[in-house]
Each structure stands twice: as C-alpha cells, then as structure tokens.
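[1] can't give you the sequence, but here's the structure:
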C-alpha cells in the first residue's frame, strides 16, 4: 500500500489502486506494447495534447479540502506532464501551495497548506518515472518578490540540471517551441 499511497498509508485509494493495476512490477493490466511511444515526438510542443492536472495538490473537494504533496507523485506516476502550483506567501517566509483568494490584504485559504519546497522535491523525484518527456509547471503566483526569489532558489537547488534554464543548443528557430524529444528529462 505504501508504494502507491505513500509512507504510513494503511488504506488504498482509487488512485493507488489504479497505480497498482498499471504497475509493471505487479503484472500491469495494460499491455506493455501500449506504453510504447508511437507518435513522432519531434514536432513543436504545441502540436500535442498534454495530460495536465488542475489544482494538483487537492486530494478531495476542489472548493474546500486537504492539500497533499502525494497528489503530485500520484499524477506524475499516472503520466501527467503538466501540474499546477498555486503559490502563496508562507507566514514563516517560505512559499506555500494552497487554494486561496485575497480579500484586500487578507488571504483566505480554502484548503490546507503545503510547503512549496516539499512539492518541488516530490516533482523532482517522480517527474520522469513514467515518462521521459517534459514536465510543465503551471505556476499561479501570488507571492511577494522576496518569496518569488525563494521559489527560484528552491527550483534551482532541488531540480538542478532537470530545470530548463536556457535555450536549447540546437534551437535555431525561435518562432516555434522545442519538441518533446528535445525536452526529454527537462522541467
């Protein structure tokens, strides 16, 4: 159970069960030939549909519920290639991820808060387990400049060479996005 739900889990959710059924280690119900990439992955990224996740961190209800770092692991293991991070200032100076809104200077959180650092670590760990193709981070940024700098430092420290920081060497056509093939193992 812990393999699919995380440390300390005693019950298996529907997502965990789905991951078990699709796990090659446990005799996947999916024909392994279906896991073979059959498309030409050398076209610009904009030519493809991308499996994405909205409010990735929310484990239950979208309006009011628990946030979980494990949701990032689950969606990445399931093949999702674009995840969302709703970033807000943390009271301790460290950015957090939550579903919130602002009323003047007051921020009301609709879900529990999780640490940005923990989420980035999980993304780095699970980004390329199910696929070598790029992971796109959709960042809804509500942080002050100071905590945005902290976010940038965390990205660089935790993702290191996985983080695409510069143009690709072979990218001579700046009018088109790079291809999934060019972006393999990059966030």
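    Perfect, thanks for sending it. This one's a predicted model, so the numbers in the text were calculated from it and none came from an experiment.
[2] and the host helix or strand of residue 151, which residues are buried?
    Using DSSP states H and E, residue 151 falls within helix 145-159. By 16 or more other C-beta atoms under 10 Å, the buried positions in helix 145-159 come out as 147, 148, 150, 151, 154, 155, 158, 159. C-betas here are computed from N, CA, C, even on glycine.
[3] Quickly find the element holding the spatially most central residue of the chain.
    For the chain, the residue nearest the mean C-alpha position is residue 83 (3.8 Å; C-alpha atoms, centre = their mean). In this structure, residue 83 sits in strand 82-88 according to DSSP H and E.
[4] Same question for residue 102.
    strand 100-103.
[5] I'd like to know which elements that strand is packed against.
    If you count contacts as 3 or more C-beta pairs under 8 Å, 6 or more residues apart in numbering; DSSP states H and E, strand 100-103 packs onto strand 106-109.
[6] what's next to the strand it packs on, contact-wise?
    Outside strand 106-109, the residues that touch it by C-beta atoms under 8 Å, 6 or more residues apart in numbering are 88, 89, 98, 99, 100, 101, 102, 142.
[7] And the third one, what's its pLDDT?
    Looking at residue 98, its pLDDT stands at 90.
[8] give the contact list for the closest residue in space to residue 179 that isn't next to it in sequence.
    Distances taken as C-beta to C-beta, 6 or more residues apart in numbering place residue 42 nearest to residue 179, at 4.8 Å, with adjacent residues excluded. Listed by C-beta under 8 Å, 6+ apart, the contact partners of residue 42 are 179, 181, 182.
[9] could you pull out the strands for the protein?
    82-88, 96-97, 100-103, 106-109, 114-115, 136-141 (DSSP state E).
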